[in-house]
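In: only the shape, not the letters, is given here:
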């Protein structure tokens, strides 16, 4: 009984740590007693709220997660979808299906954030939105052009399709709303939800960021690495990662033209990329048939798995789906040890080439887009069982959807908040030691000072006092004045260096002449 | 094998009837929300901007007096009423909600210098420069009467004539005595026509007097010889005196910490003292650019309001060195008296232009009945704004106040002068033997001496 209590308390402590969102600061070094008292009170409050949240998680959440427990000598990866379908209820077995549409090309899928709606796009121009709760087809259109990618914007009303020449934005009714000519021929699209930014990578390797609320192009960069169609957004911090044919993965943010990070991940080309929802793990797969799992805090490989993966995706609970050819495997890190091993596998018929795997949010379902249409299989334990109505509500009414749209627009983050470590917002920047400016720096400063001095405006004097020669003389004086501090600095430094040289020379004198060396006053 | 898959039935997660509220499910896991800090920052920025949009502190002016208003009194038992006395002897009782005069108390021949109300709210005591102290019955104003608010004229209950003009009056918080300030400090009883007791320490007139809210027998006075004296009635001799460099115009005791009082001084600062330890000020509140004329604490004890000769009213935190808020209008001239209303929501200022003005204590507060969800939203926005108010963008918006040009220029001038003085002091220190020049803290610098 006692042991059980300890276990329960351990779990509670871990959860409390999760809700505390970081370490408490060290208040010992503070000399300001008032501030120390105020911070101690605040830390106390944080502790209380974290404990309350941990207790709510333990007792008050309505649903429990899915699981798959083998019995006896059964292995989980040998269990087939048909046997799972026999054991679960009817509502869940409806989530397992194959839609076969062979004429319209390989399909990609995308889900809305609450997992309720799915957009599918066939390469030959077939676009459709399906309501997954009722398995209703909401709208389908044929655009009669190659469609390479489809992505939902902030809710199911809008989706963007990357068509042959430009990406287009459509309404839920299939009306074309916008044609985004600036992006060019886009290969992949991604939507950053908190910032309302549509990111795209096109045939020439150019990365575009567009704000879909006001339509302004926030960033537009040449990556310099050539054509690639591997692009993913890290949901934790909003950086866009691209995988290139040289094996490097680069990470970008909309406000700088140079990548934040360049990692050499694979010896061959990077074939796909996926991010764990907690933002610390990244899975990459390369042409040399290796799947690597990276820790993004240290940029180190945690695990290398053999196998080829054309597409990768992490679920909300941390399960990794990897698919190649017509074979899908799901890997799981049992007991959170970040050591991934086989959990489930699924083989489809030989001719089905898998193009994309995507886990459905808040459900134990994996959507597979392949060359003959799309399928959906059950993966117990992959989805988050308890949703938060204010974050994503699968049972949203239209009124709630409208309210949520307004609130998320009010909370729209500016693109400057995208950074590798999003917890640094509002913290104090560490004081950097003042570096001495280099010679070029100083020259540049002097040039800048001279330029600004030249730009001074003179008062217009009257009664014959406004002669051009006088003005020219005055201007020259001002420029000389601006240059003076830099020249003084230069002469000072020259003297210092001469003195140092002198002292060096003096110490190098032969021993017999040492007594004539001028001693520096100590 | 044991299998379970997430399956949610629609009935559990949606409402049954259209009259029901929508169901809300919460999961507080931080993993579900990304970029929380950036979202909070954006909300703080928007909250600061909305605050400024909704900041309309001026409610109205109460017009009626024919000369500048020198003193006010608030009735602790009746929130809606306030008394004011002006320089032509006119005392009026105002109804704050309708901003009209309920009753007039004519009788004083000269300026009314002080007003105060007894603890049970039934007797109004006024004193003036015509050497009289008058006691009045406070009329009971019911809701029925407020419809026909004709100017009722009241007759005084008693008139006591004394030897010299009076400058201020204050009533004991829990007793029967009131004290007047003039040539000396006199303690009176309601029924006696002569003072019960008299204190005189020093040669100059006393200009203000205040009883301590916590200790009914302690009172503090300030005099023209730049001193603040604390008296104890039980001892019949003065307790403590501190002499400063400039004279104190008014004193207010902190109702929640009755050992502390704040003095409004001629040198544009307010000094908070602990009455037990007068050798050093607890806090110096700087922000006015001209003499501070009057000061009143909020009933929460956390804030106080000051009115100054520079035509502004400022609200300070009880331990803050700078003002939280400034109120000014083109029409408001020198502010001679201020009062904080007893429900801590309003500030009333009486000024030279014969008007009493009613202001909100929190400029962007929503008056009236606030629904619980609205209140929670306001509290959340306040909290998130306070969390990020040190960041430059938010700080710029939160701190921004429009100042009238003369005050802005005067403040800059003061700052330049103080900076220059400080720099000179620093240079003197740097160029003299270490330890020969000692800088006194501002809390001590303005005190000349303390006398027991």
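Out: That came through fine. As the structure is a prediction and not an experimental result, all values here were calculated from the model. Numbering: from 1, shown residues only, chains lettered A, B, ... in the order given.

In: now for residue B:75, how many residues are close by?
Out: Other residues within reach of residue B:75, judged by other CB atoms under 10 Å in any protein chain shown, total 19. Just so you know, the C-beta spots here come from the backbone N, C-alpha and C atoms, and that holds for glycine as well.

In: next, give phi and psi for it.
Out: According to degrees, to the nearest 10, the main-chain angles of residue B:75 amount to phi -90, psi 120.

In: residue contacts, the residue in the stretch 101-250 of chain B positioned nearest to chain A?
Out: Residue nearest to chain A within the stretch 101-250 of chain B: residue B:214 (24.2 Å; CB to the nearest CB). Applying CB atoms under 8 Å, 6 or more residues apart in numbering or on different chains to residue B:214 gives the contacts B:253, B:258-259.

In: highest neighbour count among those residues?
Out: By neighbour count, taken as other CB under 10 Å, the most surrounded of the contacts of residue B:214 turns out to be residue B:253 (24 neighbours).

In: how close does that one get to chain A?
Out: Here the distance between residue B:253 and chain A works out to 23 Å (CB to the nearest CB, to the nearest Å).

In: just to check, that residue is in contact with residue B:263?
Out: No: using CB atoms under 8 Å as the test, residue B:253 is too far from residue B:263 to be in contact (10.5 Å).

In: overlap in contacts, those two.
Out: Common contacts of residue B:253 and residue B:263 (CB under 8 Å, 6+ apart): none found.

In: excluding chain neighbours, what is closest to residue A:203?
Out: The shortest distance from residue A:203 to any non-neighbouring residue, by CB to CB, 6 or more residues apart in numbering or on different chains, is to residue A:185 (4.5 Å).

In: counting neighbours, what do you get for the one you found?
Out: Residue A:185: 16 surrounding residues under other CB under 10 Å.

In: grab the nearest non-local neighbour of the residue in the stretch 301-450 of chain B that chain A sits nearest to.
Out: Using CB to the nearest CB, the closest approach of the stretch 301-450 of chain B to chain A is made by residue B:388 at 5.8 Å. Counting by CB to CB, 6+ apart, residue B:44 is the residue found nearest to residue B:388 once chain neighbours are left out, at 3.9 Å.

In: ok, now residue A:481?
Out: When the adjacent residues along the chain are set aside, residue A:481 lies closest to residue A:453, with 7.2 Å between them (CB to CB, 6+ apart).

In: now swap in residue A:410 and tell me
Out: If you skip the residues right next to it in sequence, residue A:410 has residue B:46 as its closest partner in space, 6.6 Å away by CB to CB, 6+ apart.

In: my read is that neighbour is in a helix, agree?
Out: Yes: under the criterion used here (DSSP: H, G, I helix; E, B strand; the rest coil), residue B:46 sits inside a helix.

In: confidence score at it?
Out: The predicted structure scores residue B:46 at 96 on the pLDDT scale.

In: same question, residue B:90
Out: At residue B:90, the pLDDT value in this model is 91.

In: tell me, how many residues neighbour it?
Out: When counting by other CB under 10 Å, one arrives at 22 neighbours for residue B:90.

In: who touches the spatially closest residue to it that is not a sequence neighbour in this structure?
Out: Nearest non-adjacent residue to residue B:90, counting by CB to CB, 6+ apart: residue B:65, 5.8 Å away. The neighbourhood of residue B:65, defined by CB under 8 Å, 6+ apart, consists of B:84, B:86, B:88, B:90, B:92, B:354-356.

In: out of the helices and strands in chain A, which is least certain?
Out: Least confident helix or strand, chain A: helix A:2-20 with a mean of 72, by mean pLDDT, DSSP states H and E.

In: which other helices and strands does the very next helix or strand once past it contact?
Out: Scanning the chain past helix A:2-20 towards its C-terminal end, the next helix or strand to appear is helix A:33-59 (assignment: DSSP states H and E). When contacts are defined as 3 or more CB pairs under 8 Å, 6 or more residues apart in numbering or on different chains; DSSP states H and E, helix A:33-59 packs onto helix A:2-20.

In: average pLDDT across stretch B:280-293?
Out: Across stretch B:280-293, the per-residue pLDDT values average to 94.

In: any idea how far apart the tips of it sit?
Out: 22 Å (CA to CA, to the nearest Å).

In: buried residues in that stretch?
Out: Judged by neighbour count using 16 or more other CB atoms under 10 Å in any protein chain shown, the buried positions of stretch B:280-293 are B:281, B:283-293.

In: go through these and say which is closest to chain A.
Out: Nearest to chain A among those, counting by CB to the nearest CB, is residue B:283 at 11.8 Å.

In: related to what we said a few turns ago, among the buried residues of stretch B:280-293, which are in strands?
Out: B:283-286, B:292-293 (DSSP state E).

In: since we're on the residue lying closest to residue A:146 once chain neighbours are set aside, how many residues are nearby?
Out: For residue A:146, ignoring the flanking residues on the chain, the nearest one in space by CB to CB, 6+ apart is residue A:164 at 4.7 Å. Using other CB under 10 Å as the criterion, residue A:164 is surrounded by 13 other residues.

In: pretty sure residue A:164 contacts residue A:185?
Out: Yes: counting by CB under 8 Å, residue A:164 touches residue A:185, with 6.8 Å between them.

In: where does pLDDT dip in the stretch 1-150 of chain B?
Out: Counting by pLDDT under 70, the stretch 1-150 of chain B shows low-confidence ranges at B:141-150.

In: how about chain A?
Out: By pLDDT under 70, the weakly predicted segments of chain A are A:1-8, A:435-437, A:506-507, A:518-522.

In: now the helices for the chain?
Out: Let's take chain A. Assignment of helices within chain A using DSSP state H yields the ranges A:2-20, A:33-59, A:81-87, A:90-93, A:398-410, A:439-454, A:468-507.

In: let me rephrase: I mean chain B.
Out: Shown for chain B, the helices assigned by DSSP H span residues B:10-13, B:36-53, B:372-387, B:392-399, B:405-430, B:442-445.

In: so what does the last one touch, helix or strand wise?
Out: Of the remaining helices and strands, those touching helix B:442-445 by 3+ CB pairs under 8 Å, 6+ apart are strand B:283-286.

In: elements contacting the strand it packs on?
Out: Here strand B:283-286 touches strand B:269-274, helix B:442-445, going by 3+ CB pairs under 8 Å, 6+ apart.

In: rebuild the ones in strands among the buried residues of stretch B:280-293 as a markdown table, extending it with distance to residue A:88.
Out: Output for those, formatted as a markdown table (distance: CB to CB, whole Å):
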| residue | distance to residue A:88 |
| --- | --- |
| B:283 | 69 |
| B:284 | 73 |
| B:285 | 70 |
| B:286 | 73 |
| B:292 | 77 |
| B:293 | 80 |
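
In: what sits against the residue nearest to residue A:481?
Out: Applying CB under 8 Å, 6+ apart, one finds that residue A:453 lies in contact with A:478-479, A:481-482.

In: out of those, which comes closest to chain B?
Out: For these, the minimum distance to chain B (CB to the nearest CB) is 23.9 Å, reached by residue A:481.

In: what about that closest one, how many neighbours?
Out: A count of neighbours around residue A:481, defined by other CB under 10 Å, yields 11.

In: and the gap between it and residue A:493?
Out: Applying CB to CB, to the nearest Å, one obtains 20 Å for the distance of residue A:481 from residue A:493.

In: give me the nearest residue to residue A:148, chain neighbours excluded.
Out: Using CB to CB, 6+ apart and skipping residues adjacent in sequence, the residue nearest residue A:148 is residue A:162, 4.6 Å away.

In: surely the one you found touches residue A:184?
Out: No: with the criterion set as CB under 8 Å, residue A:162 and residue A:184 do not qualify as a contacting pair; they are 10.1 Å apart.
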